[in-house]
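Participant: pasting the structure only:
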């Protein structure tokens with residue numbers, strides 16, 4: 001037993017001496033503890049210089065969209081070699097589920113590109129980090145339009161920043177309006193009169209998208225907000241918005257089929273010459289010009305009741321609560337910088353969330369795009385509220401009842417208000 005113990009000790013001393021020699025050999029001179037310590041410091045320094053890896057989740061489909069997002073992450077790393085950001089595509093149908101499951105399982109990315117009405121809900125759940133202090137002294141924040149900036153906030157705190165925006169405006173067929181002696185309407189009274197004059201020979205005066213889902217709520221909000229009502233107080237002024245659209249159905253100026261039309265369906269009706277006017281977004285312009293290249297059309301603000309209004313669409317950048325918050329904040333600041341956000345918005349078909357970028361001639365000198373750029377002054381976010389999906393459902397359900405003439409506007413508005421009040425009291 002003693003003999004074996006002695007051999008074992010000898011073997012251990014040999015292994016130890018070889019290990020020390022190997023450590024010293026990495027330094028090129030292998031002489032004693034000083035060199036060994038220096039080698040450890042070099043290894044630590046090397047580890048510290050390795051890039052920190054962050055992950056970005058997004059749901060934009062297609063290679064072209066992936067390449068645009070990757071240009072953001074690559075551009076950031078080029079300026080910050082110590083940080084890499086890996087873009088990861090998650091299908092939109094699975095996106096919210098993955099976020100919710102990841103929040104429970106602590107398997108989340110560092111940055112998320114998210115639909116702006118969902119931002120507040122996930123901030124309330126604890127998914128996003130409160131970065132109010134990190135942005136407190138950031139001079140760039142004052143350049144953002146109020147609507148987009150507000151969409152990334154919750155309860156007075158900032159949980160991200162806008163990535164890009166869009167909104168809704170009035171499209172009109174120039175030839176049809178000219179033939180009818182109609183100018184683009186600016187008020188609700190002008191809209192009623194114009195829509196009635198333009199309704200003839202299989203053509204409806206106005207088309208909107210009003211399915212019983214978020215798309216319907218999205219299209220209804222400009223009318224609601226124009227009355228001075230808010231998403232959570234619709235039972236008084238909001239009645240006028242419901243009445244306007246139901247009156248257009250009643251006098252035949254708008255098809256009852258709008259309750260089944262997506263925004264793409266509305267665009268197709270307009271491009272086919274079956275609508276003289278429609279409410280839609282800037283993303284339809286390429287499809288219109290491809291589908292009906294000879295169609296002459298113009299754009300104007302959504303006609304107003306008390307004030308011009310539009311609704312905000314688009315996405316935000318959210319910083320996920322985790323270990324890489326400082327680096328994630330640096331990334332979103334980079335993306336929001338004027339030169340980067342301008343390039344991204346042009347390539348992606350967005351409107352800039354920044355006033356200084358939106359004033360660029362690319363948007364202001366284009367007869368079609370400039371209306372949407374101007375609209376950013378009026379566009380308001382959906383909510384923001386953590387219970388927005390439930391609130392939206394109440395609004396779109398009421399709209400459906402009004403447009404099918406199942407309920408009178410006042411009754412539908414009061415029913416929706418009761419549902420919204422119930423949601424807010426939960």
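Facilitator: Thanks, I have it. Note that the structure is a prediction, hence the values are computed from the model and not measured.
Participant: what's the nearest residue to the residue most central in space within the chain if we skip its chain neighbours?
Facilitator: Nearest to the geometric centre of the chain sits residue 315, at 1.4 Å (Cα atoms, centre = their mean). Once flanking residues are discounted, residue 315 sits nearest to residue 163: 4.6 Å by Cβ to Cβ, 6 or more residues apart in numbering. Just so you know, the C-beta spots here come from the backbone N, C-alpha and C atoms, and that holds for glycine as well.
Participant: Torsion angles phi and psi at that neighbour?
Facilitator: Note on residue 163: backbone dihedrals following degrees, to the nearest 10 are phi -100, psi -50.
Participant: Quick check: it vs residue 243, distance?
Facilitator: Residue 163 is 36 Å from residue 243, where distance means Cβ to Cβ, to the nearest Å.
Participant: between those two, which one's more packed in?
Facilitator: Comparing residue 163 with residue 243 by other Cβ atoms under 10 Å, the one with more neighbours is residue 163, at 27 against 19.
Participant: my guess is residue 319 is in a strand, correct?
Facilitator: Yes. Assessed by DSSP: H, G, I helix; E, B strand; the rest coil, residue 319 belongs to a strand.
Participant: re earlier: correct me, but the residue nearest to residue 315 touches residue 113?
Facilitator: Yes. Using Cβ atoms under 8 Å, residue 163 is in contact with residue 113, at 6.1 Å.
Participant: any shared contact partners between the two?
Facilitator: 315, 316, 317 (Cβ atoms under 8 Å, 6 or more residues apart in numbering).
Participant: Now do the same contact list for the second one.
Facilitator: To tie it back to what came earlier, the one meant is residue 316. 113, 114, 116, 119, 148, 151, 152, 160, 161, 162, 163.
Participant: which residues sit in contact with the first one?
Facilitator: The one in question is residue 113. 56, 57, 58, 59, 60, 69, 163, 315, 316, 317, 318.
Participant: same deal with the last one?
Facilitator: Residue 163 is in contact with 113, 314, 315, 316, 317, 335, 344, 350, 353, counting by Cβ under 8 Å, 6+ apart.
Participant: possible to save these as a markdown table with distance to residue 195?
Facilitator: As requested, those are arranged in a markdown table below (distance: Cβ to Cβ, whole Å):
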| residue | distance to residue 195 |
| --- | --- |
| 113 | 38 |
| 314 | 29 |
| 315 | 33 |
| 316 | 35 |
| 317 | 40 |
| 335 | 41 |
| 344 | 37 |
| 350 | 30 |
| 353 | 32 |
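Participant: May I see these organised as JSON lines, with distance to residue 194, secondary structure and pLDDT added?
Facilitator: Supplementary listing: those in JSON lines, determined by distance: Cβ to Cβ, whole Å; DSSP: H, G, I helix; E, B strand; the rest coil; pLDDT from 0 to 100:
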{"residue": "113", "distance to residue 194": "39", "secondary structure": "strand", "pLDDT": "97"}
{"residue": "314", "distance to residue 194": "29", "secondary structure": "strand", "pLDDT": "91"}
{"residue": "315", "distance to residue 194": "34", "secondary structure": "strand", "pLDDT": "94"}
{"residue": "316", "distance to residue 194": "36", "secondary structure": "strand", "pLDDT": "97"}
{"residue": "317", "distance to residue 194": "40", "secondary structure": "strand", "pLDDT": "98"}
{"residue": "335", "distance to residue 194": "41", "secondary structure": "helix", "pLDDT": "97"}
{"residue": "344", "distance to residue 194": "37", "secondary structure": "helix", "pLDDT": "93"}
{"residue": "350", "distance to residue 194": "30", "secondary structure": "coil", "pLDDT": "86"}
{"residue": "353", "distance to residue 194": "32", "secondary structure": "coil", "pLDDT": "92"}
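Participant: Out of the residues you listed, flag the one nearest to residue 90.
Facilitator: residue 113 (9.8 Å; Cβ to Cβ).
Participant: Who does the closest one form a beta bridge with?
Facilitator: Beta-bridge pairing of residue 113 under DSSP bridges involves residue 317.
Participant: Any figure for the gap between it and residue 361?
Facilitator: 27 Å.
Participant: same check, this time on residue 207
Facilitator: 31 Å.
Participant: Counting neighbours, go ahead and name the busier of the two.
Facilitator: For residue 207 versus residue 361, the count of surrounding residues by other Cβ under 10 Å is larger for residue 207: 29 against 8.
Participant: Touching, the more buried one and residue 279? I think so.
Facilitator: Yes. Taking contacts as Cβ under 8 Å, residue 207 lies within contact range of residue 279: 7.5 Å.
Participant: what is in contact with these two at once?
Facilitator: residue 266.
Participant: got a list of what residue 247 touches?
Facilitator: residue 192.
Participant: Also residue 144?
Facilitator: Residue 144 touches 161, 162, 353, 354, 355, counting by Cβ under 8 Å, 6+ apart.
Participant: In PyMOL, select just the buried ones from those residues.
Facilitator: Listed next is the PyMOL selection for buried residues among the contacts of residue 144, using 16 or more other Cβ atoms under 10 Å:
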select buried, resi 161+162+353+354
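Participant: Save the contacts of residue 144 as CSV, and put in distance to residue 421 and secondary structure too.
Facilitator: Shown next, in CSV, are those (distance: Cβ to Cβ, whole Å; DSSP: H, G, I helix; E, B strand; the rest coil):
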residue, distance to residue 421, secondary structure
161, 32, strand
162, 30, strand
353, 32, coil
354, 36, strand
355, 36, helix
